[in-house]
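> make a model of this:
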Amino acid sequence: MTRIDFQTDPSRYRHWRLEFDGAVALLIMDVDPNGGLFEGYELKLNSYDLGVDIELYDAVQRLRFEHPEVGAVVIRSGKPGVFSAGANIRMLGGASHEHKVNFCKFTNETRLAIEDASASSGQFYIAAVNGSAAGGGYELALSADHIMLIDDRRSSVSLPEAPMLAVLPATGGLTRLTDKRRVRRDLADVFCLAQEGVRGQRAVDWRLVDEAVAPSGWEAAVRGRAREFAACGARSAGAQGITLTPLRRQFEGDAISYPHLSVHLEREKRRARLTVAGPGAAPPESAAEAQAMGADFWPLAVARALDDAILHLRLNEPELGIWVLRTEGDANAVLAHDALLERHRDHWLMREIRHYLKRTLKRLDVTSRSLMALVEPGSCFAGTLAELAFAADRSAMLKGTRSGDHAPPATLTVGSANFGAYPMGNGLTRLATRFVGEPAKLDAARARQGEALDADAAEQLGLVTLARDEFDWDDEIRMMLEERASFSPDALTGLEANLRFAGPETMETRIFGRLSAWQNWIFQRPNAVGGKGSLTRYGGSLPPEFDWRRV
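As a prediction, the model looks like this:
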């Protein structure tokens, strides 16, 4: 299998262009029909596949880190008469089930990153829909803060997946209609079953778009609206961005190495070991010095490496169902870097790094792998890195040290970063989610901030699942991992997704926990992908044949 690489840069884009006009950026979708990630389909009408979305994600990241002067981003099409036809249907029809599910998940994570840019960083997005926007094309527009539709009696917005393909809008379209756009339920029902979509003033009246603009005033209206949003943005007009330089990443056999992360693939055991290394030195004295380090600043380097590793393992190593999370290094150095980010939280770059760490940890939360954290001698599960242990489905901690090992005893340290810097998709911290039924334990953990907790204390506070001494450790961990590997991966995926998000439901948890789960199921049904299903017969001379029984 050809390895899917999530690393790119604007000089290598085939499907997007970035243009800048002061505080306004244009993100222009101009998909190369012959630029598909795989063979067998053409990306006509600005339809997209994972390769198109990889470039979009890269552009969204670069806009936040390399262009702090930009307050408004206009997403528009470079092709006349069409905004985007959505996910390429031939691609979906020929892709494996795992690829479809991970493609939809990554696509929605990118949409959420766009929404996070405006909510967290004051970089607002405007969708200038200068043609038809269907399916995922309209879902891309839905991720923006403001949607403009050209009122030329041809251009429309639609979510036609159910009537056309017997599937659902898989990247949040349904949920954003009701939760974000506040579209009335019955009108949403009509809209989602109308292949032709909705145009002009009706789209405004139904709250599907924010304004419909006559062709004669279109360009002026888009420029004016972009300037208005840019003036409201909370970006840093005089700030200089940093360059997201290429990742220093090496593949060698069953190992992947980054400066602060190593990944070892244990294929025969169907698992991967991810070891995050703490900082090798104290943090710089100021935010300016941290910015001078650019992409080598430890928190940013770790976020980028972990982000890339998660995506690589998701798409390229689907059989490695267990991820063992480890750390090594100086816990105090991790906490010192956390303190720098907190102390300068109003500095644009420090803010962006914390939000990037937040998004990367969220990506871990919604990954369909069993996450097992091992807190061992020499580890540095502290502050930001303690979030890895709190994200795990289970965590184990070794008491004391190993015989003949000079590493310091295992400790776990809760820091201020664990109480608000990195909320999950449910809006709660991982600790608050962990103790949703035991608020007193959350208070007890908060009272021990900054203290290097040994295994007994961590277990008593409920911060780890179990603590064992050296005599029992190896057997306990072996049995825990081997037992996990013996269970059905389908059952584990459902189990983990249900257990990880306790507490309130949000638009984000509805998208991943409800919409994605339904789409996952529908993608396997014969009405969609069977020999006579909609995806199989799409574009041919025969209509699909459905099994009419409701399940």
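> immediately after the helix or strand hosting residue 187, which helix or strand?
Secondary structure assigned from DSSP states H and E places residue 187 in helix 185-192. Next helix or strand after helix 185-192 toward the C-terminus (DSSP H and E): strand 198-199.
> what packs against that next one?
Secondary-structure packing of strand 198-199 (3 or more Cβ pairs under 8 Å, 6 or more residues apart in numbering; DSSP states H and E): strand 156-158. C-betas here are computed from N, CA, C, even on glycine.
> run through who's touching the strand it packs on.
129, 132-135, 138, 141, 147, 149, 191, 194-199, 203, 208-209 (Cβ atoms under 8 Å, 6 or more residues apart in numbering).
> chain center to that strand: distance?
26 Å (Cα atoms, centre = their mean, to the nearest Å).
> now stretch 156-169
23 Å.
> for that stretch, give the mean pLDDT please.
Averaging pLDDT along stretch 156-169 gives 92.
> follow-up on the earlier one: taking the contacts of strand 156-158, please make a PyMOL selection of just the buried ones.
Only the buried members of the contacts of strand 156-158 enter the following PyMOL selection, criterion being 16 or more other Cβ atoms under 10 Å:
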select buried, resi 129+132+133+134+135+138+141+147+149+191+197+198+199+203+208+209
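> quick one: contacts for residue 212?
By Cβ under 8 Å, 6+ apart, the neighbours of residue 212 are 148-151, 199-201, 203-204.
> just the helices in the stretch 151-300 of the chain please.
161-165, 173-175, 185-192, 200-205, 218-232, 287-293, 298-316 (DSSP state H, counting those that start in this stretch).
> tell me which of those helices sits nearest to residue 30.
Nearest of the helices of the stretch 151-300 of the chain to residue 30, taken as Cβ to Cβ: helix 218-232 at 16.6 Å.
> sorry, back to before: same list (the helices of the stretch 151-300 of the chain) but as JSON lines, adding distance to residue 26.
Output for the helices of the stretch 151-300 of the chain, formatted as JSON lines (distance: least, Cβ to Cβ, whole Å):
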{"stretch": "helix 161-165", "distance to residue 26": "28"}
{"stretch": "helix 173-175", "distance to residue 26": "24"}
{"stretch": "helix 185-192", "distance to residue 26": "28"}
{"stretch": "helix 200-205", "distance to residue 26": "23"}
{"stretch": "helix 218-232", "distance to residue 26": "8"}
{"stretch": "helix 287-293", "distance to residue 26": "26"}
{"stretch": "helix 298-316", "distance to residue 26": "25"}
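> minimum distance to residue 84: which of these has it?
helix 173-175 (12.7 Å).
> poorly predicted segments of the stretch 151-300 of the chain, please.
234-235, 237 (pLDDT under 70).
> I'd like to know how many residues surround residue 536.
Residues lying near residue 536 (other Cβ atoms under 10 Å) number 16.
> contacting residues around the helix or strand encompassing it?
For residue 536, the host element (DSSP H and E) is helix 534-537. Residues outside helix 534-537 that contact it (Cβ under 8 Å, 6+ apart): 89, 92-93, 164-167, 527-530, 543-544.
> now swap in stretch 7-16 and tell me
For stretch 7-16, using Cβ under 8 Å, 6+ apart, the contacting residues are 18, 27-32, 35, 43, 48, 51-52, 54-56, 58-59, 62, 244, 246-247, 249, 308.
> and that stretch, how far from the chain's centre?
Relative to its chain's centre, stretch 7-16 lies at 19 Å (Cα atoms, centre = their mean).
> stretch 413-428 now?
17 Å.
> buried residues, it. List them.
413-415, 417-418, 421-426, 428.
> taking these one by one, which sit in strands?
Assigned to strands by DSSP state E, the following of the buried residues of stretch 413-428 qualify: residue 413.
> pull the number of nearby residues for residue 282.
12.
> let me know the secondary structure of the residue of the chain most remote from its centre.
Centroid-distance maximum for the chain: residue 404 at 41.8 Å, with Cα atoms, centre = their mean. Recorded secondary structure, residue 404: coil (DSSP: H, G, I helix; E, B strand; the rest coil).
> hmm, residue 109 is touching residue 363, no?
Yes. Under the criterion of Cβ atoms under 8 Å, residue 109 makes contact with residue 363 at 6.0 Å.
> quick one: distance of the helix holding residue 536 to the chain centre.
29 Å.
> go on, stretch 245-259?
Relative to its chain's centre, stretch 245-259 lies at 21 Å (Cα atoms, centre = their mean).
> from residue 462, how far off is the residue most central in space within the chain?
Residue closest to the mean C-alpha point of the chain, counted by Cα atoms, centre = their mean, is residue 109 at 3.3 Å. Distance, residue 109 to residue 462, using Cβ to Cβ, to the nearest Å: 30 Å.
> any idea of the mean pLDDT for the helix ranked longest in the chain?
Longest helix in the chain, counting residues (DSSP state H): helix 97-121. Mean pLDDT, helix 97-121: 94.
> and that helix, which residues are buried?
In helix 97-121, counting by 16+ other Cβ under 10 Å, buried: 99-118, 120-121.
> can you dump the C-alpha atoms of the helix holding residue 536 in PDB for me?
Only the C-alpha atoms of helix 534-537 are listed here, as PDB (Å, rounded to 0.1, in the frame of the first residue of the first chain):
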ATOM      1  CA  SER A 534     -26.400   3.600  -4.800                       C
ATOM      2  CA  LEU A 535     -22.600   4.100  -4.600                       C
ATOM      3  CA  THR A 536     -22.000   1.000  -6.800                       C
ATOM      4  CA  ARG A 537     -24.500   1.900  -9.500                       C
END
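> go through the buried residues of stretch 413-428 and name the one nearest residue 471.
Nearest to residue 471 among the buried residues of stretch 413-428, with distances taken as Cβ to Cβ, is residue 413, at 25.6 Å.
> remind me which residues of the stretch 301-450 of the chain are low pLDDT?
The low-confidence ranges in the stretch 301-450 of the chain, as defined by pLDDT under 70, are absent entirely.
> closest one to residue 347 among the helices of the stretch 151-300 of the chain?
helix 287-293 (4.1 Å).
> what residues does the closest one touch?
Surrounding helix 287-293, the residues in contact under the criterion Cβ under 8 Å, 6+ apart are 240, 242, 283-284, 297, 340, 344, 347, 349-350.
> if you set the cut-off to 10 Å instead, what comes out?
Under the contact criterion Cβ atoms under 10 Å, 6 or more residues apart in numbering, helix 287-293 has outside partners 239-242, 283-284, 286, 296-301, 337, 340-341, 343-351, 353.
> give the buried subset of those residues as a PyMOL selection command.
Selecting only the buried entries of the contacts of helix 287-293 in PyMOL, with 16+ other Cβ under 10 Å as the criterion:
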select buried, resi 241+242+283+284+297+298+299+300+301+337+340+341+344+347+348+349+350+351+353
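> for residue 408, list the residues it contacts.
So residue 408 contacts 330-331, 377-379, 401, 452 (Cβ under 10 Å, 6+ apart).
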